[in-house]
Every structure is written in C-alpha cells, then in structure tokens.
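Engineer: Provide a 3D model corresponding to the input given below.
(one chain, ligands or ions: 1)
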Amino acid sequence: MSTFQAPKGTYDLLPPDSAVYLAVREAIAAPARRAGYGYTETPGFEKVELFSRGVGESTDVVTKEMYTLTTRGGDELALRPEGTVSVLRAALQANLHKSGNLPVKLWYSGSYYRYERPQAGRYRHFSQVGAEAIGAEDPALDAELIILAADAYSALGLTGVRLLINSLGDRECRPAYRAALQDYLRGLDLDEETRRRIEINPLRVLDDKRESVQKQLADAPLIRDHLCEPCRLYDEQVRAMLTGAGVNFTDDPRLVRGLDYYTRTTFEFVHDGLGSQSAVGGGGRYDGLSEMIGGPSLPSVGWALGVDRTVLALRAEGIELVLPPTTDIYAVPLGDQAREVLFGAVTALRRAGVAADFAFGGKGMKNAMKSADRSGARFALVAGERDLAEGVVQLKDLATGEQGPVAVDEIVVTVKERLA
Ligand code: AMP
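Structural biologist: Okay, here's the model as predicted:
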C-alpha cells in the first residue's frame, strides 16, 4: 500500500521549518498585542450564509473557493475562507460593542481554507494573523493598524515589503462612482461572467488580473476623482499620520481588493520576490459590514497578514531568523544507573525552566553525542559508572569541548549559572 500524501494545495509544517512559522506568527502579533489588541479565537467553520452575506455573493472567495458541507443535522457550513467576518460576528454575539469601550480591538491567528488553483504561495489551506478594530471611525485607527503591520514586517528584518494604499469612498460618494464605472465597463469587450460582474460589483472588475481586461481599463474612471469631501479629508489624514510615523506608501488608485466589504481606506502589502502571488497582507476599513450581517452600524478597520507568504518573503530576502535553540542541555547516560540519575536531572532541570532533552532508545556514546550536537544544546550532561561512584556527572560545553565534574545534587544550580 502506498503511503498517504497531504491533500493537494496543502503542506505540513515540521521541524525545523515550523519554528520559523511560529516565530513569524509571534512577530506579526507582537506589535498588535502591544497596542492593546486582545486575543480571539473563533470556530474553523461558520454558517455559509455569514460568508455569502459578509464577504459578498459576487466574490470568487464565496462563489468558487469555499469549502462547504451539509451536516447530518442539515446545517449548511463552510470552512472559514477569511477571518474578519467571523471575528465581527463573535464580537456582535458577545455584545462587546455595548461595553461602552470602543473600539473593540482584537487579534487572531489561524488556518483559512480556499479552494484555489494551487501554485507557489497559493495554497488551499493557509495561515493568517489578523487584527480588527471594531466600532470607531478615526483616521488614527486606520493609521495605527497600518503602522502595526509595517512594524511587524520590519521587526522580521524584511526590507522588500511595499505598502499600496487607496480609498474606496463611502456610501455617499461610491454610488456615483459605481455608476460612472459601470457606464465605462459596459462599453468594453468582456466575457459573459465579467459582464455579470459589472452589474453586481463593478469595482471587482478593476481587480481582474487578465491582460486582455487590464488593457481595456487604462482610461477607466478612478474613485480618487470621485471621493466626497469627508472621504478625501479622511484619506489625507491617514496618509499624513503614516508619513509622520515614517511609513512609506505608494498610491494605487486601482487597488480594490477581493472582498466586497471594504470602504474608504484599503491597503495591501506586496513583496516583489514572490512572483505572481505577491500580496503578503492586506486590509482596510469596512464600515458597512456589521449591518450586512445583521448588526448595528459599527465602522471598523482591520488587516490579515499571510504567514505562509511572509515566510516565503523571508526566504526570498535570504533572512535567517535567529531562533533560540529548542534544547539547552542534552543528557547522555552510559549505563542503567546513569540513566536513572540523568533522567531525574532532566526532569528537575525542566521543572526549573531549563530546556533539556535526553538520549532515548539506549544509544551508544557516539550516537548519543551526535544527537546532542544536532539538538543545538549548549551543554551535554554525560555520566558513567565511575562518575556516579564519585557523586558527579560531567558537564560538557558542546561548542568548546571543555568538560568538568558537577556534583549530582548541584546540577540544576550549576547549569542555571552556566546558562545565565
Ligand atoms: P485576503 O483575505 O485575500 O486579503 O488575504 C490576506 C493575505 O492572506 C494575503 O495577502 C496572503 O498573504 C494570504 N493569503 C490569501 N490567500 C492565500 C492562499 N490561498 N495561500 C496563501 N496565502 C494566502
């Protein structure tokens, strides 16, 4: 029988690479945590209707890419294709917006699922870290989130991440722009499906990646030229704050992003070392989303950064994160008595907060020392019968090869001193 493979479009995270993923998640979340965002976790699946109403009936994410299922009880569920709608649903359900302490600031981290055509940087199961600020309309909040994301990329040492930014207007100015865009698009040579899209969500046509479509869009009207005064001012303030914080950005008047719910500020972080899947993260303001899923008016803003692609960006820039070794001490027993003593020492070390491992499986000295080297530990604890007869074990510095005796009942104290 052949062995099983991970499903198409997915991959497994295993050591040592998995440590890089954890570190990236941590690095993305750290700035948000420092800014008062609290951790949230929502289910991996939700009612299909939440996504079709929230993310939008006209998006590829909903129409083509959702993993849906009918439960035995007859519920129509979907594996979550993105995080924002679920987080907003959770905040509304728990009435967090009624606590009188707006905005509600939340961050999250998890797996998302889209039935996409797999390619480098595009998977059917991928990982995002997200942050949402719910219930406040304030350009400083948009700026805060963008700065937090930019700082996360910088903290990882990335220098090739570019920020693209646009405003999509609001319910005052977008309708007139939408109509002007529809007029323009209806005159183009487009396929059936795209023609339908013009009627449902014409902004999404601007996002069409096909050359044949892009060629025809050169003279399409731009939202920038249709923004109402409040939207224009809002946009200006966001940009001024980014500039004040030293965050560079490029104006992208065509940036609309794939989901229906965005209003005003929209942004995307791209990396040029990733080929066609260049977006490492993105987000924006979604003032109408709460009402779309049955909640009160709650202007909000957020982002989701892709963990997989951030790792690819690190690789593209040749950045090796400096990660702490998983093991500080590696114990190598020679003989049964030594096994007993060193196993006890390893347990005591771990309880004292020292990362320690043990040569399991009754390996010979040579093999065990190889494992000790491979573990990345700084010291090996080695003991044979002669050592134990003298009441000591040998503490060996694995970098220099120097070694000396340590009394058995002083192992924890001595090791902690040497590691400090
Ligand atoms: P989106 O919700 O589409 O704006 O995605 C936000 C971020 O998640 C993107 O910028 C990517 O970094 C990441 N992402 C989205 N879809 C995928 C996918 N299929 N595979 C890997 N990463 C993805």
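
Engineer: which parts of the stretch 1-150 of the chain are helices?
Structural biologist: Ranges of helices in the stretch 1-150 of the chain, per DSSP state H, counting those that start in this stretch, are 17-34, 48-54, 60-63, 84-93, 139-155.

Engineer: so which of the ones you listed gets nearest Arg186?
Structural biologist: Closest to Arg186 of the helices of the stretch 1-150 of the chain, according to Cβ to Cβ: helix 60-63, at 21.4 Å. Every C-beta, even on glycine, is put in place using the N, C-alpha and C of the backbone.

Engineer: distance check, the one residue in the stretch 301-420 of the chain that gets nearest to the ligand against Leu274.
Structural biologist: Residue of the stretch 301-420 of the chain nearest the ligand, by Cβ to the nearest ligand atom: Gly306 (2.1 Å). Per Cβ to Cβ, to the nearest Å, Gly306 is found 10 Å from Leu274.

Engineer: so the two - more neighbours on which side?
Structural biologist: Gly306 (25 against 19; other Cβ atoms under 10 Å).

Engineer: what's near enough to touch the more buried one?
Structural biologist: By Cβ atoms under 8 Å, 6 or more residues apart in numbering, Gly306 lies in contact with Phe126, Ser127, Gln128, Ala279, Val280, Gly281.

Engineer: which two from those end up farthest apart in space?
Structural biologist: Among the contacts of Gly306, the pair separated by the greatest distance (Cβ to Cβ) is Ser127 and Ala279, at 14.5 Å.

Engineer: what residues does the stretch 101-250 of the chain put near the ligand?
Structural biologist: For the stretch 101-250 of the chain, the contact set with the ligand under Cβ under 6 Å from any ligand atom comprises Arg114, Glu116, Arg122, Tyr123, Phe126, Gln128.

Engineer: check contacts around the closest residue to the ligand within the stretch 1-150 of the chain.
Structural biologist: Closest to the ligand within the stretch 1-150 of the chain is Phe126: 3.5 Å, counting by Cβ to the nearest ligand atom. By Cβ under 8 Å, 6+ apart, the residues touching Phe126 are Ser111, Tyr112, Arg114, Gly306, Val307, Asp308.

Engineer: give the bridge partners for it, please.
Structural biologist: When bridges are called by DSSP bridges, Phe126 pairs up with Tyr112.

Engineer: pLDDT value on it, please?
Structural biologist: Looking at Phe126, its pLDDT stands at 98.

Engineer: check which helix or strand covers the residue lying closest to Pro296 once chain neighbours are set aside.
Structural biologist: Spatially, and ignoring its direct neighbours in sequence, Pro296 is nearest to Ser290 (6.3 Å; Cβ to Cβ, 6 or more residues apart in numbering). Here Ser290 sits within helix 289-292, counting by DSSP states H and E.

Engineer: starting at the chain centroid, how far to stretch 365-381?
Structural biologist: Its chain's C-alpha centre and that of stretch 365-381 lie 34 Å apart, by Cα atoms, centre = their mean, to the nearest Å.

Engineer: whoops, I mixed them up, stretch 134-152
Structural biologist: That offset, for stretch 134-152, works out to 17 Å (Cα atoms, centre = their mean).

Engineer: do stretch 250-264 as well
Structural biologist: Distance of stretch 250-264 from the chain centroid (Cα atoms, centre = their mean) equals 20 Å.

Engineer: kindly report the same for stretch 239-253.
Structural biologist: Distance, centroid of stretch 239-253 to centroid of chain: 22 Å (Cα atoms, centre = their mean).

Engineer: what does stretch 203-210 give?
Structural biologist: 25 Å.

Engineer: picking that back up, list buried residues within the contacts of Phe126.
Structural biologist: Applying 16 or more other Cβ atoms under 10 Å to the contacts of Phe126, the neighbour count classes Tyr112, Arg114, Gly306, Val307, Asp308 as buried.

Engineer: for the fourth one, give me its contacts.
Structural biologist: So the one you mean is Val307. Contacts of Val307 (Cβ under 8 Å, 6+ apart): Tyr21, Val24, Arg25, Ile28, Ser109, Phe126, Ser127, Gln128, Val129.

Engineer: can I get these in a markdown table with distance to Ala407?
Structural biologist: Below are the contacts of Val307 laid out as a markdown table (distance: Cβ to Cβ, whole Å):
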| residue | distance to Ala407 |
| --- | --- |
| Tyr21 | 41 |
| Val24 | 42 |
| Arg25 | 42 |
| Ile28 | 45 |
| Ser109 | 45 |
| Phe126 | 52 |
| Ser127 | 47 |
| Gln128 | 51 |
| Val129 | 47 |
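
Engineer: which of these count as buried?
Structural biologist: Val24, Arg25, Ile28, Ser109, Phe126, Ser127, Gln128, Val129.

Engineer: those residues: which two are farthest apart?
Structural biologist: Across the buried ones among the contacts of Val307, no pair lies farther apart than Ile28 and Phe126, at 13.8 Å, counting by Cβ to Cβ.

Engineer: re the thing from before, could you export the residues of the stretch 101-250 of the chain next to the ligand as a markdown table, including distance to Leu163?
Structural biologist: Output for these, formatted as a markdown table (distance: Cβ to Cβ, whole Å):
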| residue | distance to Leu163 |
| --- | --- |
| Arg114 | 24 |
| Glu116 | 24 |
| Arg122 | 21 |
| Tyr123 | 24 |
| Phe126 | 21 |
| Gln128 | 18 |
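
Engineer: which ones among the residues you listed lie within strands?
Structural biologist: If you go by DSSP state E, those have Phe126, Gln128 in strands.

Engineer: poorly predicted segments of the stretch 251-400 of the chain, please.
Structural biologist: Applying pLDDT under 70 to the stretch 251-400 of the chain flags residues 258-260.

Engineer: for it, which residues are neighbours of the ligand?
Structural biologist: Counting by Cβ under 6 Å from any ligand atom, the residues of the stretch 251-400 of the chain close to the ligand are Gly258, Ala279, Val280, Gly281, Gly282, Ala304, Gly306, Asp308, Arg309.
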